[in-house]
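Asks: Here you go, sequence then predicted model.
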Amino acid sequence: MVKVVISKYNENVEWVKKLKHSHVIYDKSSNPVAGSIPLKNVGREAETFLYHIISNYNNLDDVTVFLQANPFEHLQRLVGWRAQLSESEINTVIEKMNNEITDLSYFSTFYQVLYNDRDGANGCPTTRNCQVLFGQYYRHFTVSPGAQYVVPKKYILSRSLDFWKNLRDAMHRDFLSAWSMEQLWYLAYMHKMDTSVGHHNTEKAKTIALGPTLNNKLIELT
């Protein structure tokens, strides 16, 4: 089974009605949409995703797709470095999700480009956070914007339940921010950084040069 996990605040989520996959909406707004699971407005999408992992650790779906409520802003592999997609393009992305993501999908970004952020990006002490929470030292961090990943359950289960609880607790103590956690999700799943990818501007230039197309598919990450 595939589960699409959606972290919502005030976004319009009408698009989820077109999904064929099972999905859950966690709503941090003051007026949660019908059928959603209300959560306190803490920690943006990072706390939401951690909540789902912890709550479902012993009953995870084969593949979990972690998305923001508007997941169509960072799809560099499909439309390049622009945030605004047409309604037709959004429908194409949803169709791709329905047809391309299965319970056999590999670990991947959600049609996005990976790049490496330096420590201190967005004002986050991520090197410190990484040392304390992961016991590892890095100065650059592999990022998929918005922490949007397609994740087979083995990558979640490669970390203990206590590990995930500790990350969520760090967010509630204001030790770890959502922006810093965005830089740590790849490490959480993969136990390493991807040193083969460049920094933001390097990967942006590559993507523009290659000419993104809506025909692109998910790429396996190893």
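Replies: Okay, I see it. Numbering: from 1, shown residues only.
Asks: In PDB, list the C-alpha atoms belonging to the longest helix anywhere in the chain.
Replies: Ordering each helix of the chain by length in residues (DSSP state H) puts helix 87-100 first. Written as PDB, here are the backbone C-alpha positions of helix 87-100 (Å, rounded to 0.1, in the frame of the first residue of the first chain):
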ATOM      1  CA  GLU A  87      -4.100  23.700 -13.600                       C
ATOM      2  CA  SER A  88      -3.300  21.400 -16.500                       C
ATOM      3  CA  GLU A  89       0.200  20.900 -15.200                       C
ATOM      4  CA  ILE A  90      -1.000  20.200 -11.700                       C
ATOM      5  CA  ASN A  91      -3.400  17.600 -13.100                       C
ATOM      6  CA  THR A  92      -0.500  16.000 -15.000                       C
ATOM      7  CA  VAL A  93       1.500  15.800 -11.700                       C
ATOM      8  CA  ILE A  94      -1.400  14.100  -9.900                       C
ATOM      9  CA  GLU A  95      -1.800  11.700 -12.800                       C
ATOM     10  CA  LYS A  96       1.900  10.900 -12.500                       C
ATOM     11  CA  MET A  97       1.500  10.300  -8.800                       C
ATOM     12  CA  ASN A  98      -1.400   7.900  -9.400                       C
ATOM     13  CA  ASN A  99       0.400   6.000 -12.100                       C
ATOM     14  CA  GLU A 100       4.100   6.100 -11.200                       C
END
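Asks: Which positions within it qualify as buried?
Replies: Taking 16 or more other C-beta atoms under 10 Å as the basis for neighbour counts, the residues of helix 87-100 that come out buried are I90, T92, V93, I94, K96, M97. Backbone N, C-alpha and C define where each C-beta goes, glycine included.
Asks: Then stretch 51-59?
Replies: Using 16+ other C-beta under 10 Å as the burial criterion, the residues of stretch 51-59 that qualify are Y51, H52, I53, N56, Y57.
Asks: again with stretch 123-131
Replies: The neighbour-count check on stretch 123-131 (16+ other C-beta under 10 Å) flags C124, T126, T127, N129, C130 as buried.
Asks: Can you name the residues in contact with it?
Replies: 117, 119-120, 136-139, 141, 170, 175-177, 179-180, 183-184, 187 (C-beta atoms under 8 Å, 6 or more residues apart in numbering).
Asks: Let's see which of the residues you listed end up in strands.
Replies: The members of these that map onto strands under DSSP state E are D117, F141.
Asks: Just the buried residues from the contacts of stretch 123-131, in PyMOL please.
Replies: With 16+ other C-beta under 10 Å as the burial test, the buried ones among the contacts of stretch 123-131 are selected in PyMOL as follows:
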select buried, resi 117+119+138+141+170+176+177+180+183+184+187
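Asks: Helices of the protein, start to end?
Replies: Under DSSP H, the chain gives helices at 44-55, 76-79, 87-100, 126-134, 153-157, 161-172, 178-182, 185-190, 200-210.
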